[in-house]
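> Sequence first, then the predicted structure, then my questions.
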Amino acid sequence: MRIGIIGSGTMGSGIAQVAATSGCKVKLYDTNQSALDKAKTALDKILSRLIEKDRIDADEKSRIQNNISYVSNLNDLSDSDLTIEAIVENLDIKKKVFSELETYVSEDCIIASNTSSLSIASIASALKNPERCIGIHFFNPAPLMQLVEVIPAIQTSKNILDKTVNTISDWKKVVAVAKDTPGFIVNRVARPFYGEALRIYEEGIADLPAGQAGFITIDESLKTLGGFRMGPFELMDFIGNDVNYTVTETVFKAFYFDPRYKPSFTQKRFAEAGYLGRKSGKGYYNYDKNGGIIIP
Ligand code: NAI
């Protein structure tokens, strides 16, 4: 199967790895050459680490790498059977890319979005054949996270839904089919998790022991007592404060400004300041060049 991935950032590069590992021929496209270079280097490192851990051998590494080509023209994806878009979470930009993409690919090509929060129906409306559009929502990091939400829009045909579920299951993922509602399943449940943590931080409730920043206390409480692998602030830094803020804002608006999903000014300022988290080296925590956490 030939897969076209649009956007070679955090998610696009991870999805490319998943598809290539399953034996698909993948073309990874980005408008930014340095994002493509970064994706290629990152994959090389990830696969080398898997060799060190005895999870794959050198032949498997070459096989996966040879299954991915890095391209900088959208029409390079013209022979795809399935395209998955993972670019910036902005409806107008996604719609523009989708309507251009449709002019290059065959009528049978499935056109999917990895959006976290935008309506699949509105993205699909950019297409002349919207019944081939569907949401395929991977979680970060895509190669490690088992769950994938598959979201048919009201325009999506049953045939496209079935084909998509089969493909993602073939990639050894667990599929949850979700209705096209804001945040789908996981991101809707996650909004109050981040939102309430940010409110506790802003209210200065969790600032003990003395001298420790409140967010560390919140993270440590949830990890030590709550059994979470990452606290909410570590997780927001991991996802990207820009991406996470945008998702919250979209879900809030989409639920007609329900206060349960109200975004936080703290997070907005972090996104505006470029304190994006792990990917920019600074968020709530600081990060060294290997991604290790430095407690501020
Ligand atoms: P990112 O910022 O890491 O990567 C986005 C990439 O898209 C960049 O490399 C950028 O150069 C490229 N790009 C931007 N506009 C483009 C265009 N018009 N054409 C081609 N490439 C373009 O973003 P990330 O985190 O990978 O998110 C991508 C999508 O996946 C968003 O819709 C986001 O909501 C969704 N998502 C993100 C998750 C996360 O944890 N970061 C989890 C699940 C979904």
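Received, thanks.

> Could you pick out the residues of the stretch 151-296 of the chain near the ligand for me?
Ile239, Gly240, Val243, Val247 (C-beta under 6 Å from any ligand atom). Any C-beta I mention is one placed from the backbone N, CA and C, and that applies to glycine too.

> The same query, at a cut-off of 8 Å, please.
The stretch 151-296 of the chain has residues Phe238, Ile239, Gly240, Asp242, Val243, Asn244, Thr246, Val247, Lys279 near the ligand, with proximity defined as C-beta under 8 Å from any ligand atom.

> Buried residues in the lengthiest helix in the chain, which are they?
The longest helix of the chain (DSSP state H) is helix 33-52. Across helix 33-52, burial judged by 16 or more other C-beta atoms under 10 Å covers Ala35, Leu36, Ala39, Lys40, Leu43, Ile46, Leu47, Leu50.

> so what does that helix touch, helix or strand wise?
helix 10-21, helix 58-66, strand 68-71 (3 or more C-beta pairs under 8 Å, 6 or more residues apart in numbering; DSSP states H and E).

> Quick one: distance of that helix to the chain centre.
17 Å (C-alpha atoms, centre = their mean, to the nearest Å).

> Enumerate every residue touching the closest residue to Ser119 other than its chain neighbours.
Excluding the flanking residues, the one nearest Ser119 by C-beta to C-beta, 6 or more residues apart in numbering is Asp180, at 6.0 Å. By C-beta atoms under 8 Å, 6 or more residues apart in numbering, Asp180 lies in contact with Ser119, Ile120, Ala121, Gly135, Ile151, Pro152, Ala153, Ile154.

> The stretch 1-150 of the chain against the ligand: which residues are in contact?
6-14, 29-32, 35, 39, 74, 85-89, 93-94, 96-97, 113-118, 137-140.

> What's the ChimeraX line that selects buried ones from the residues you listed?
Per 16+ other C-beta under 10 Å, the buried members of these correspond to this ChimeraX selection:
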select :6,7,8,9,10,11,12,13,14,29,30,35,39,74,85,86,87,89,94,97,113,114,115,116,117,118,137,138,139,140
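
> From the residues of the stretch 1-150 of the chain next to the ligand, which land in strands?
Ile6, Tyr29, Glu85, Ser113, His137, Phe138 (DSSP state E).
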